[in-house]
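Undergrad: Next input, structure requested:
(chains A and B)
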Amino acid sequence: MAPVVGIVANPVSARDIRRVVANATSLQIADRANILLRVLAALHACGVRDVLMMPENGGIRAHVERGMMRARSRGEDIYPALHTVSMPVTGTVADTHHATAEMRRAGVSALVVLGGDGTHRAVAAECGTVPIAGISTGTNNAFPEHREPTITGLATGLAVTGRVPPHIAFSANKRIDVSLVSGATGATVTEMALVDVALVTERYIGARALWRTENFRELYVTFADPEVIGMSAIAGLLEPVGRDESGGLMVRLSPDGDCRKGVTTLHAPIAPGMMARVGITDWRRMPAGVAFVPEVSAGSVALDGERELSFSERDRLSLTLRDDAFRTVNVAAVMRHAGQNRLLTGTPVPVTAAF
Amino acid sequence: MAQNPFPLGKDELLKAYRTMRTIREFEERLHVDFAKGDIPGFVHLYAGEEACATGIMMHLNDNDRIASTHRGHGHCIAKGVDVHAMMAEIYGRSTGACRGKGGSMHIADLSKGMMGANGILGAGAPLICGAALAAKVRGDRGVGITFVGDGASNQGTFLESLNLAAVWNLPVVFVVENNGYAESTAMEWAVSCDSYVDRATGFGMPGVTVDGTDFFAVYEAAGEIIRRARDGGGPALLECNMVRFYGHFEGDAQTYRAKGELEAIRASRDCLTILSERLVEAGVIGRDELQAVDREVNALIEDAVRAAKAAPLPVAEDLLRDVYVSY
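TA: Numbers count the residues shown, from 1 in each chain, chains lettered A, B, ... in the order given. Below you'll find the model as predicted:
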């Protein structure tokens, strides 16, 4: 059966307050559609003939269909057929959960995701073993790698058409599971993060984003990357931990300028163009499978950079990192394999160039 | 009482709740009285949208100017305009904020920085650019806020004002109150860009989208945007996604809504319920304290209606009075 690729494109990522408190980008809807057209062209070039897309009212699909119609009117056959999941649109994260679950049930071979870390988290919560190919259209994106979307589309197409062995095409990823048990009702809320869980002293969700470093208290990351911005950068500038190694890092923070012994000041890029002083008291490795109980007793839990849950002294919070939690398309490995094996040449050529 | 986890003290939180509750009761009363035929003219109710006006206006003082819309009662109350004067104005009485000659769509109180509701869509935007230019020239750190709906955001005046504010770096905040419908036309049928943030970006200013039914989301985002404008950082656009509980105007049958849509938004997106539940759940304000506010507000609205009905109508001699204002 010919592979079908699923598409989740979030029209409302990159709209938060970091456009004002920092110089975060505002990726326009037309640009998101343009990215998607580049992905679709690359998928088609690899032999993918059908894609299944999440419906949205933000305008992405309308722009994409316009681009496809223009190509058809010029006699070009460069895009797969675009189908939409039949479901109501709420304009909330529930759409991503719903659409991902439907696509998984429909048997898609991979999911191309346009969004920030939050969008990818919502997809990862429902995708099961279907691999994700992430494209950054958010603000502080640590999870999706920054790359030309055409290449992400090509790698996805080569992977799902079986031209690259699965052990090369796909890689395992970590996540942190968060469990919050209400002291009042006994009810348990479970959430997860792909990159970071930050515990902050603000107990309201508000504008969601994190930028007031004086409120940062504890940080748990699946990988600590000094080449990204946001919470993972704080950990990455202390002790880098790769995406492909087991376990993560736990960091304790304190208001900068706190005179207590042992507080180190770190300068970290916590948002686009925003270097901030962060007080660090200590950090340690976070092994997989071990439940961590935070010291901070009340505040908010921020998942991948956005406040999502608030908790009080009465509630019980625990965090557990899991290795091998979900799969992604390993774009770099696929493209290296494609080059080494000349997968995109039209006719067989010798391994060494002949003159 | 538990430790307060919110960005406002208890008195300020109660003030926010009181403001939102006052707007709600004001509008609910008008909904009833308009149906009875007691009120002249047209009214457009702000019920359901209270968190937006309140979350923004908590950051303003009387020196800051706002320019409102045809759906302006909530903006007026949140900006501090006297509720008795507003009710009398809507009832067309000579004790009204504009001596009963303006009505619902022309309530103004310059002493509170309320430059007026406005029946002309998009007309507030250029007015607020003027007010903001004055504040900038005077150097008094005043800011100007203009409100438009998703429909009025298509008006040329609004787009020209975005441009003017950007090139003059004016202390203006353009608030798009997106309740999804321009009168009866859904946004996706009538707005060429797909996001108001895109529209702001096109004019070289930042745009932010927040959940307009969440008081704290509006309050926090508006606070940063207003501080930036006050400090000379220039204009910005704030889109508040929100819901209206009544029709475009009173009497609107709302046939353009999906079946069950209104019931669903009243059940899950009532900003007043969201705020009060959060305050009570955190243990900062007791339900009995909120109920006491409710009683005060009910008495206030009842008294405002009683006073309005008892007040005299304007007389013929008032017709040409106050047409021009001397500065």
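Undergrad: which ones are touching the nearest residue to residue B:174 once chain neighbours are set aside?
TA: Using C-beta to C-beta, 6 or more residues apart in numbering or on different chains and skipping residues adjacent in sequence, the residue nearest residue B:174 is residue B:237, 4.5 Å away. No exception for glycine: its C-beta is placed from N, CA and C like everyone else's. Contact partners of residue B:237, counting by C-beta atoms under 8 Å, 6 or more residues apart in numbering or on different chains, are B:162, B:173-176, B:196-197, B:199-200, B:205-208.
Undergrad: distance between the helix or strand hosting residue B:237 and the chain's centre?
TA: Per DSSP states H and E, residue B:237 falls inside strand B:236-241. Using C-alpha atoms, centre = their mean, to the nearest Å, the mean C-alpha position of strand B:236-241 is found 13 Å from that of the whole chain.
Undergrad: Now do the same for residue A:266: its pLDDT.
TA: Looking at residue A:266, its pLDDT stands at 94.
Undergrad: what do you get for residue A:349?
TA: Looking at residue A:349, the pLDDT reads 47.
Undergrad: Next: the one 5 residues further on.
TA: According to the prediction, residue A:354 has pLDDT 42.
Undergrad: Regarding the closest residue to chain A within the stretch 151-300 of chain B, what is its secondary structure?
TA: Nearest to chain A in the stretch 151-300 of chain B, going by C-beta to the nearest C-beta, is residue B:194, at a distance of 2.8 Å. At residue B:194 the chain is in coil, as set by DSSP: H, G, I helix; E, B strand; the rest coil.
Undergrad: Contacts only, for it.
TA: A:11, A:29-30, A:58-60, A:62-63.
Undergrad: Could you list which of those residues belong to strands?
TA: Taking DSSP state E, every one of those sits outside strands.
Undergrad: just checking: which of these also lie near chain B?
TA: With C-beta under 8 Å from any C-beta of the partner chain as the criterion, those include A:11, A:29-30, A:58-60, A:62-63 near chain B.
Undergrad: Between the contacts of residue B:194, identify the one with the most neighbours.
TA: Using other C-beta atoms under 10 Å in any protein chain shown as the neighbour test, these are led by residue A:60, with 27 neighbours.
Undergrad: my guess is it meets residue A:29, correct?
TA: Yes: counting by C-beta atoms under 8 Å, residue A:60 does reach residue A:29; the two are 5.9 Å apart.
Undergrad: what residues are shared contacts of those two?
TA: Jointly contacting residue A:60 and residue A:29 under the rule C-beta under 8 Å, 6+ apart are A:11, B:194.
Undergrad: quick one on the thing from earlier: which of the contacts of residue B:194 sits closest to residue A:305?
TA: Taking C-beta to C-beta as the measure, residue A:305 sits nearest to residue A:11 out of the contacts of residue B:194, at 19.1 Å.
Undergrad: Compute the first-to-last residue distance for stretch B:163-178.
TA: End-to-end span of stretch B:163-178 (C-alpha to C-alpha, to the nearest Å): 21 Å.
Undergrad: Likewise for stretch A:110-129?
TA: Stretch A:110-129 has an end-to-end distance of 9 Å (criterion: C-alpha to C-alpha).
Undergrad: quick one: it near chain B?
TA: No: using C-beta under 8 Å from any C-beta, stretch A:110-129 stays clear of chain B, coming no nearer than 13.5 Å.
Undergrad: buried stuff in that stretch?
TA: By neighbour count on 16 or more other C-beta atoms under 10 Å in any protein chain shown, the buried set for stretch A:110-129 is A:110-127.
Undergrad: just stretch A:224-242 next, same as before
TA: For stretch A:224-242, by 16+ other C-beta under 10 Å, it's A:224-225, A:228-238, A:241.
Undergrad: Could you pull up the mean pLDDT of it?
TA: Across stretch A:224-242, the average pLDDT comes to 94.
Undergrad: Of all the residues in the stretch 1-150 of chain B, which one is nearest chain A?
TA: residue B:5 (2.7 Å).
Undergrad: Near chain A, which residues of the stretch 101-250 of chain B are found?
TA: Contact residues (C-beta under 8 Å from any C-beta) of the stretch 101-250 of chain B with chain A: B:188, B:193-195, B:197-198, B:200-202, B:206-210, B:214, B:216-217, B:219-221, B:224-225, B:228, B:236, B:239, B:241.
Undergrad: Filter the residues you listed down to the buried ones and hand me the ChimeraX line.
TA: To isolate the buried ones among these in ChimeraX, judged by 16+ other C-beta under 10 Å, type:
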select /B:193,194,195,197,198,200,201,202,206,207,208,209,210,214,216,217,219,220,221,224,225,228,236,239,241
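Undergrad: neighbours around the residue lying closest to residue B:57 once chain neighbours are set aside, how many?
TA: Computed as C-beta to C-beta, 6+ apart, the closest residue to residue B:57 that is not its neighbour in sequence is residue B:78, at 3.8 Å. Neighbour count of residue B:78, defined by other C-beta under 10 Å: 25.
Undergrad: which residues sit in contact with residue B:78?
TA: Contact analysis of residue B:78 by C-beta under 8 Å, 6+ apart lists B:19, B:23, B:50, B:53-54, B:56-57.
Undergrad: And the furthest pair within those residues?
TA: Farthest-apart pair in the contacts of residue B:78 is B:23 and B:56; separation 12.8 Å (C-beta to C-beta).
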